[in-house]
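Enquirer: whatever this is, show me its structure:
(chains A and B)
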Number of protein chains: 2
Amino acid sequence: MKIELAALYCVFACSSNVVDAFGVAPTTRLPMVRGGSSSLPMAKTSTEEKKDAKEEEKKKEAPPTNLGWNSHKAVEQIPDSLVRDGESGPEGNYPMRAKFEKMCREAQIKITKAIEEIDGSGVTFQEDCWVRENGGGGLSRVMSGGKVFEKAGVNLSVVYGSMPQEALAAATERGIDRGKGVKPGERVPFFACGLSSVMHPKNPMCPTMHFNYRYFETDGGVWWFGGGTDITPSYVDEDDMKHFHGTYKEVCDKHDPEFYDNFKSWADRYFVIQHRNETRGLGGIFFDDLNDRDPDTIFEFSKESLYSVVDAYGPIINKHKDDAFTDEQKQWQLVRRGRYVEFNLVYDRGTVFGLKTGGRIESILMSLPEQASWLYDFHPEEGTPEGDLIDACKFPRTWV
Amino acid sequence: MKIELAALYCVFACSSNVVDAFGVAPTTRLPMVRGGSSSLPMAKTSTEEKKDAKEEEKKKEAPPTNLGWNSHKAVEQIPDSLVRDGESGPEGNYPMRAKFEKMCREAQIKITKAIEEIDGSGVTFQEDCWVRENGGGGLSRVMSGGKVFEKAGVNLSVVYGSMPQEALAAATERGIDRGKGVKPGERVPFFACGLSSVMHPKNPMCPTMHFNYRYFETDGGVWWFGGGTDITPSYVDEDDMKHFHGTYKEVCDKHDPEFYDNFKSWADRYFVIQHRNETRGLGGIFFDDLNDRDPDTIFEFSKESLYSVVDAYGPIINKHKDDAFTDEQKQWQLVRRGRYVEFNLVYDRGTVFGLKTGGRIESILMSLPEQASWLYDFHPEEGTPEGDLIDACKFPRTWV
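Expert: Predicted structure coming up:
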């Protein structure tokens, strides 16, 4: 059963890339698997040569090298809401759709403003907005080339999609019928809204930080919340970790004494680079499938967690942004960034799902660092600061 | 049916990482999916604290953060053969097992020697050898920090594994019963041997090159060959492409007039970064499931293809290794390397399969470049040399 839970991650982008990493409506779904029947354009040949009927035939059989993906339409004017008209009214759970989006947009502004201030270079976030044909869209804010931050992005996503009932059923242990209101065999229409972010600072003493908060609802009225914030340093600074985890423990404790322990463990289990037997970073909190209390109560918890990002992360960056470092320490940071790439591209269900279902690539891969490095068979020695980080990734520690 | 062919790639590592990217015997197979039942070591807590029974329970349910993977035993002394004793004799197809391994080992030495000469820095390939408990193992030769090459690796792999019959059946259109000699429902024991390589030069005018040649055989005596060589430049140099593709066309034509066209198209279909609608590079040849003629005849074709790597690639590197380049051109190369990482980690069946089945990580990820970069929403303009490369990746060209 636990194993099937994995499907949940696939279904509902649970990590860095909730942004635009949901399924799209089946009508706009693309052939993903090599071996489809679209034709393969072979244009502009440098040496135009005999093409016989057989070759033409071969081309017809070829899989789609060029997917005609155009469901993301960039818009100049940012709409007040990406939620469909009529979904902020009083019927059903709809008010939560608009309410969650509004909260995310406010948080997006607050967080990016705080990051610009910490960066202090005058470089600001670049804003991109897009809409999708059948509703929803995204609002991406990305900063590149700051003084403190190599790359930082905060992305809002509103998705109207659908998914098979089995996928939904496998994704919960709560015994809830997520296919409520939908005939057997039919896909379940859903709404999802999320805010997600990755911040990659330049200084190797400054950790990378990621968060993602989301609200999910089927058209049959089944709903749940998910989210989390986690931190990925290149070096262990125990005080930093006490502060980061402590901030989230405080938020959690206000809402439920069991939240922090549960969600801290969940993060340690989720952010694992399985082929290396190590976690991506030093964790934080992670939760999903949360609907065991009143939606407004969980909304408040999500909101407070999201609004605590700056408190949890900002002081750590301010403390380290001017730290001295060696070339070797920078190289170590790049190696750790390589690991970040490995996790996101191989294991992060949101990323993989988004890439394979035609999400907006630039938003999904915004999570990748500007620079990453892979060295052959490089293993830091035990007892070194680098070795200590590896140890903390192999054996998750208790910080508060 | 075409779609199911994809399974073949999964089953039989078809790209850069045939090296050690095969399944291992089921007895040593690890729980791969998050949510297993192994316990999660929570060692060396900085603040050792109250651990109640509930937390212990939670740990038991936790997925394996730390897989106890130890099936790769490094050996100092390189054995003469990684093929099991008695498999080089005259019975069955066994002679091909030893024959193919011998050919690969000779090619490995020849190719790495040629690369060292081209590099000219005196830096040599580092050799790592390992064996596996139930037979097989690998011999990895990797060069880092050369003058011309940032990273170059040539890996030999010999694998004894097993796989489900359905996977095998889905992987062929030839109507062959690959489960021959095995009871319904039982896994099919197989042997595989391959040589694979990736070379990443430093100069952005020098293309990256990859090859992989392999022989596969079930214990029931069903066998086939696969392989290919492909090139990934950051800039289009038509003469280079004529030379590279021309070399392989010549090799192909000697064996079958249809080989080049078929295998060139196959490469264009296989090396696709689907989420970007572009190929990884400018192709080459790629074939799999080849057993439509005498094994010794196909062996000769594989051998000649493999031995042509230096002829096809060497002159291009010698021509460009001292080319002048700008910082912008170097940055463009790093962006293309990011794409290389995307293909290998997301789509390359060999890599993904290897990572998830406990292959030797360092050998599998040897294919990744030392440095890679991701820039947000960066798209070269049409009509620029960078734009021309993108065009050639979106619309595969005919070179010879």
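Enquirer: does stretch A:345-360 reach chain B?
Expert: Yes. Contact of stretch A:345-360 with chain B (C-beta under 8 Å from any C-beta of the partner chain) involves A:Leu345, A:Val346, A:Val352, A:Leu355, A:Lys356, A:Gly358. In this view, the C-beta of every residue, glycine as well, is placed from N, C-alpha and C.
Enquirer: quick one: buried ones out of those residues?
Expert: A:Leu345, A:Val346, A:Val352, A:Leu355, A:Lys356, A:Gly358 (16 or more other C-beta atoms under 10 Å in any protein chain shown).
Enquirer: got the residues you listed as CSV, with pLDDT columns?
Expert: CSV is the format used below for these (pLDDT from 0 to 100):
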residue, pLDDT
A:Leu345, 95
A:Val346, 92
A:Val352, 79
A:Leu355, 81
A:Lys356, 74
A:Gly358, 71
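Enquirer: quick one: low-confidence parts of chain A?
Expert: Chain A contains residues with pLDDT under 70 at A:1-71, A:88-93, A:167-176, A:357.
Enquirer: ranges for the helices of the stretch 201-350 of chain A?
Expert: Along the stretch 201-350 of chain A, counting by DSSP state H, counting those that start in this stretch, helices occupy A:238-255, A:259-270, A:295-307, A:309-320, A:327-342, A:349-356.
Enquirer: highest mean neighbour count out of these?
Expert: helix A:349-356 (a mean of 24; mean count of other C-beta atoms under 10 Å in any protein chain shown).
Enquirer: what are the buried residues along the helix or strand following that one?
Expert: Next helix or strand after helix A:349-356 toward the C-terminus (DSSP states H and E): helix A:361-364. Applying a neighbour-count criterion of 16+ other C-beta under 10 Å, one finds A:Ile361, A:Glu362, A:Ser363, A:Ile364 buried in helix A:361-364.
Enquirer: equivalent analysis for stretch A:181-199, please.
Expert: Neighbour-count burial for stretch A:181-199 [16+ other C-beta under 10 Å]: A:182, A:187-199.
Enquirer: A:Gly145 is in contact with A:Val123, isn't it?
Expert: Yes. Counting by C-beta atoms under 8 Å, A:Gly145 touches A:Val123, with 6.1 Å between them.
Enquirer: could you look up the SS state of A:Cys111?
Expert: Let me fix one detail, which is that residue A:111 is Ile and not Cys. Secondary structure, DSSP: H, G, I helix; E, B strand; the rest coil: A:Ile111 is helix.
Enquirer: show me what stretch A:115-128 is in contact with.
Expert: Applying C-beta atoms under 8 Å, 6 or more residues apart in numbering or on different chains, the set of residues contacting stretch A:115-128 from outside is A:74, A:78, A:112, A:138-149, A:152, A:154, A:199, A:310, A:314, A:317-318, A:321, A:362-363, B:376-377.
Enquirer: which ones among these are found in strands?
Expert: The strands, defined by DSSP state E, take in A:Ala74, A:Gly138, A:Leu139, A:Ser140, A:Arg141, A:Val142, A:Met143, A:Ser144, A:Phe149, A:Ala152, A:Val154, A:Met199 from the contacts of stretch A:115-128.
Enquirer: okay if I get these as TSV plus distance to A:Ala98?
Expert: Formatted as TSV, the ones in strands among the contacts of stretch A:115-128 follow (distance: C-beta to C-beta, whole Å):
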residue	distance to A:Ala98
A:Ala74	23
A:Gly138	16
A:Leu139	15
A:Ser140	20
A:Arg141	20
A:Val142	25
A:Met143	28
A:Ser144	31
A:Phe149	31
A:Ala152	27
A:Val154	20
A:Met199	28
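Enquirer: list only buried entries from those residues.
Expert: When the ones in strands among the contacts of stretch A:115-128 are checked for burial by 16+ other C-beta under 10 Å, the buried set is A:Gly138, A:Leu139, A:Ser140, A:Arg141, A:Val142, A:Met143, A:Ser144, A:Phe149, A:Ala152, A:Val154, A:Met199.
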